[in-house]
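Colleague: Sequence below, structure please.
(3 chains)
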Amino acid sequence: MEYVIEMLNIRKEFPGIVANDNVTLQVKKGEIHALLGENGAGKSTLMNVLFGLYQPEKGEIRVNGKSVKITDPNIANDLGIGMVHQHFMLVDPFTVTENIILGKEPRVAGKIDIRSANKEVRELSERYGLSVDPEAKIADISVGMQQRVEILKTLYRGAEILIFDEPTAVLTPQEIKELIAIMKALVKEGKSIILITHKLKEIMEVCDRVTVIRKGQGIGTVNVSETDPNALASLMVGRDVVFKTVKSDAAPAGDVLDIKGLKVNDSRGVNAVKGLNLSVRAGEIVGIAGVDGNGQSELIEAITGLRKLEEGSIKINGKEIANKTPRRITESGVGHIPQDRHKHGLVLDYTIGENVALQTYYKKPNSRNGVLNYRRIYEKARNIIAEFDVRTPSEYTPARALSGGNQQKAIIGREVSRDPDLLIAAQPTRGLDVGAIEYIHKRLIEQRDNGKAVLLVSFELDEVMNISDRIAVIYEGEIVAILNPKETNEQELGLLMAGSKRLEAGENFHV
Amino acid sequence: MKKRKFGLALSLVLAAGTILGACGNDEESASKGGESKKDNFTVGMVTDIGGVDDKSFNQSAWEGLQEFGKENGLQKGKEGFDYVQSKSDADYTTNLNTLVRNDFDLIYGIGYLLAEPMAKVADQRKDSNFAIVDSVVEKPNVASITFTEEQGSFLVGVIAAKTTKTNKIGFVGGVDGSLINKFEAGFIAGVKSVNPKADVKVQYAGSFGAADKGQAIASSMYSSGIDVIYHASGGTGNGVFAAAKELKKKDPNNNIWVIGVDRDQFEEGKVKAGDKEYNVTLTSMVKRVDIAVKDLADKSKNGEFPGGKVIEYGLDQNAVAIADHKENVSEAALKATEEWTEKIKSGEVKVPKTRDELKAMKF
Amino acid sequence: MSNKLKQYGQRSIKYLITSARNMLIPIFSVILGLLAGAGIMLVSGYDPISGYSAMLNGIFGDEYYLGETVRQITPYILAGLAVAFAFRTGLFNIGVEGQLIVGWLAAVWVGIEFDLPKFIHLPLAVLSGAAAGALWAFIPGLLKARFRVHEVIVTIMLNYTALHITNYLILNVLSDKQDKTENIAESASLRSVLFENWTDLSRMHWGIIIALACAIIMWFILEKTTTGFELKAVGFNHHASQYAGMSVNKNIVLSMVISGAFAGLAGAMEGLGTFGYAAIKGGFTGVGFDGIAVALLGGNAAIGIVLAAALFGGLKSGALNMPLEAGVPNEIVDIVIALIIFFVASSYFIRWILSRFSKKGVK
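Modeller: As a prediction, this is how the structure comes out:
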């Protein structure tokens, strides 16, 4: 019995699209098997088929060599298949144990036996080195811990095969390291893991074998030991990919963005940005490095007018824009690629065309005297779609129907085509595959080369190091250091981000 | 001729393919086209939103029609006597027109709410004869039936005053307006004439069809110490009875009473508590709508339709009176009503019809 | 090239199939509802064929009923538009009933108080109805925008407030303790001699033109203007709208105000068209609440709402004719009507659930 899971020649159709066509995935017992593909390639669909959420049109599923029909997730559970979702399905006010036993509560005389449940969860946690406190409330623990609760949930239900759906997307570098250790521990205990990802680094680090899907088609399975990131990337994208972003040196001119003494409160009224100073010049990319939650969001929201600032000044090309409305700020030459594209970037129920006009619908020629000119709006949208390589059936397709990368391209197209003096890009490549990342990086650098100022906020150190001309490290609402990426390394950045080393203001200001 | 064609064309467009609709249309046009070939004298009535089973006004009128039908050997239906019920204010006009279109020889509108629509319809349908109950419509083809409710209300007021132990009496009205104000003024005058110290609390439900509201008002009245409630509120009054019966059921020693209106509402007051039968209906202010309705139908059948006239029914004609069921009324109270009846008939006492007239009275 | 053509061909065929399916579902569910209603009639011993033919006659059996049906449809269209407009912009306006009532009163007030030439008076009265409704909806809009008070709670409460305030005004200010106002001046009336002639004196009035115009206006605002673009965007995703520089608060208030204006117009139609006066109401007219069903049934789109209003209005007026013509009692008629609406509404539900499912599927 070589394979625990065999999905043979799976085909799954949705009205109008073939999401999976002739995809074969065979997972050996005790291996970590990567499922690699671009966003929208059909990875999630395939896993949902395995988890019983969808029924395939064609193909066969075998578990431990036996042919099975998985018609709903309960059957998948019974077969020992567990899924660690990318978006956690946890009840915040409940404790870890309560969340784990939800739906499968041990009862004593009709009452939930919470004590023995706690004990069992603690044992499981120790066995796999998860170190989760069973009695902590979900709301009080970190994202990394919440993910472990999800893992425990599947283990508690007796899972032998664990599916991890993009598990590292939400984690900090430290947490990623810990997760990799956990996955290795699981495999050592005899579990099998399917890892859905598009991050080649992770595959190289933990996986034994990798199956690649491209545009719904199964491309093949390779042993990780016999391949390298470049080969995998071209398998996934279908062409050669350049990893190291090539760029010339910056030729910065005068300040476009000039922030002085900025103080901003977060939603709870707590001071999140504490007297921050920062300037971005025309023709350079300033990358803000920092651990999530050190005031990045508040900083961006203050610049773009989405949040009131308490103190300080923000100037664009010398003009004060502090506490102006978002529209005034936009019109004074600021483009913004928001961190959360679903929440802020797009109206998902609007068409791509409408979304592309989201900042300009009220201007001529998109509208005249309050009446929209849809012909012009869609004409413009077609141009942007073509120029920015947004893959969509048409400009009339709802934004919701597009993959993350293409949604992001549409947003970038919208913002860049307005030709702003300052482009703020917050986590512009989060959740995207290498192809899209490469493209977006190219676009940002192109903006810089055209003499625009670019402010990049990212939690991915690689990205910041790669793209930026200067790196500003943010810690607890202040810029604690400004560094030249050529003269620094991940270690130094990591330490600065953690607040342990602090350069005196001015020591390394303006490289 | 032209307008008919247009209507037909429109209806054909809308009813395209609905053979049923078209059939009905032909039949109806045919019967309307020629002179009415029916031998029967047909009578129809339009209820207000209370409906024919309101145990009050509409029901009383319907009983009159049924009586008329029985006497003349008619069947319920288009060829005899029938009613149409209204579900909202907007339906009155439609329903009156429906009866016109079905060639009823006499069409009643039951209740003053129909006065306005009837005036309009009567203007438009000059060949039809109408009768409005409880209001006055001055059109040559409308006969108006009114009652001196204030006189009857005065008499039950006397009984209430003679019955109350707490000196607190309630009045529940349907819709606040000149008609029900007649009941209110007469009733209060009756109470105060006998027992000036008694206090009458007045509350309006705002509707003749809201039994739930009636019940809520009555419950709060009883719990505030009121022991006799006179309701002049049509279907809303069913709620008043319900509230009283509920209390009686809980505690048969509870001395609480309802005075009914329009019909003898003795039946509505019956309640069983334990093994014993009780009745919370003290008496009823009977308004013989049935007699008036039947009387007018008889007259019309004989070709004496009093179009354009107002016929007032009162104590003199025995059209407003105390109900026949008198077992809950004390001897003393009955005697008092007889005395006051005489005084009213002789003109010694003039019963107020409005709140202003009531204010002008001295007790 | 030929490939592209083929693609277009396939797409248009698919479009035809989906739109045919979209049309089929409501038609099918109406048929199901009729069958269920027929079952009820059969079980209770009435002839469903004569029952339904009576209903059809009551809807468009002749020109009079056709006119009355159109009159009935008029306020339904506007109430449906009011609900749908708010709904399309992410708000749930349960207060259409209250806005309708104040619109009714305001229109009638202007219709009584002023003495102006018709071309000024009528538009003024109509617009003041709209303005009153808009004002009444402005309150929940403002509270939502300012303090994030949920509009459902506020609008429900304002329904009652509207009911009792207008009743008070009619009783004490607009009339001298009467239960209704005087009639509006002829110069403010929507009555149409033309329609009356066409439809054998039904109460069909010019309001239907206004209602249909409003359907077009709603479509135009939502689909063709920058205002509509903002309103919908705010409804779908207020974060993204704020990010894009739209004022979320302004749009919430604006949405409620426009919605309320439609509701106020519905009231003006009743006040200036159907009735010509405002009367004290014992309870809600129900038109505003039915508007919710109309809007949902019509898929919150202008054309759908007109059709759904036609169904609702048709059933309402058709039902009135069933008891007299087919002898089916009112209670059975109510059940049959409710069943038809139930089936139609659940079809919407089923489709909604299905679409939810397929949405998840694509993701």
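Colleague: Could you give the bridge partners of the residue nearest to B:Ser300 when sequence neighbours are not counted?
Modeller: Distances taken as CB to CB, 6 or more residues apart in numbering or on different chains put B:Leu106 closest to B:Ser300, at 4.9 Å, once the chain neighbours are dropped. To be clear about C-beta, it is placed using only N, CA and C from the backbone, and glycine gets the same treatment. B:Leu106 has the following beta-bridge partners by DSSP bridges: B:Val43, B:Asn129.
Colleague: what number of residues lie near B:Leu106?
Modeller: 25 (other CB atoms under 10 Å in any protein chain shown).
Colleague: Same question for the one 10 residues further on.
Modeller: The number of residues packed near B:Glu116 is 21, by other CB under 10 Å.
Colleague: Give me the residues contacting the helix or strand harbouring it.
Modeller: Here B:Glu116 sits within helix B:115-124, counting by DSSP states H and E. Helix B:115-124 is contacted by residues B:92-93, B:96-97, B:100, B:109, B:128, B:130, B:132, B:135-139, B:141-142, C:180, C:201, C:277 when judged by CB atoms under 8 Å, 6 or more residues apart in numbering or on different chains.
Colleague: Please pick the buried ones from those residues.
Modeller: B:92-93, B:96-97, B:100, B:109, B:128, B:130, B:132, B:135, B:137, B:139, B:141-142, C:180, C:201, C:277 (16 or more other CB atoms under 10 Å in any protein chain shown).
Colleague: Among those residues, which ones are in strands?
Modeller: Those of the buried ones among the contacts of helix B:115-124 mapping onto strands are B:109, B:130, B:132, B:142, per DSSP state E.
Colleague: The first one reaches B:Ala131, doesn't it?
Modeller: Same thing as B:Gly109. Yes - the criterion here is CB atoms under 8 Å, and B:Gly109 meets it with B:Ala131 at 7.3 Å.
Colleague: give me the residue from the stretch 251-363 of chain B nearest chain C.
Modeller: B:Arg355 (8.0 Å; CB to the nearest CB).
Colleague: and what of the stretch 101-250 of chain A?
Modeller: In the stretch 101-250 of chain A, no residue comes nearer to chain C than A:Asp165, which is 12.6 Å away by CB to the nearest CB.
Colleague: can you pull the buried residues of stretch A:70-81?
Modeller: A:70, A:76-77, A:79-81.
Colleague: Just give me the neighbour total for the nearest residue to C:Thr225 once chain neighbours are set aside.
Modeller: The spatial neighbour of C:Thr225 that comes closest, neighbours along the chain excluded (CB to CB, 6+ apart), is A:Gly370 at 5.2 Å. If you count neighbours by other CB under 10 Å, A:Gly370 ends up with 13.
Colleague: cool, and A:Lys111?
Modeller: 9.
Colleague: Show the backbone phi and psi for it.
Modeller: phi -100, psi 150 (degrees, to the nearest 10).
Colleague: Mind listing the residues bridging to it?
Modeller: Note on A:Lys111: beta-bridge partners by DSSP bridges are A:Val108.
Colleague: Pull the contacting residues for A:Lys104.
Modeller: By CB under 8 Å, 6+ apart, the contact set of A:Lys104 is A:156-157.
Colleague: Spell out the secondary structure type for it.
Modeller: Recorded secondary structure, A:Lys104: coil (DSSP: H, G, I helix; E, B strand; the rest coil).
Colleague: pLDDT score assigned to residue 23?
Modeller: Here I'm looking at chain A. A:Val23 carries a pLDDT value of 91.
Colleague: meant chain C, my bad for not saying
Modeller: At C:Met23, pLDDT is 65.
Colleague: what's the distance between whichever residue of the stretch 51-200 of chain B sits closest to chain A and C:Arg71?
Modeller: Of all residues in the stretch 51-200 of chain B, B:Ala90 sits closest to chain A, at 37.7 Å by CB to the nearest CB. According to CB to CB, to the nearest Å, B:Ala90 stands 8 Å off from C:Arg71.
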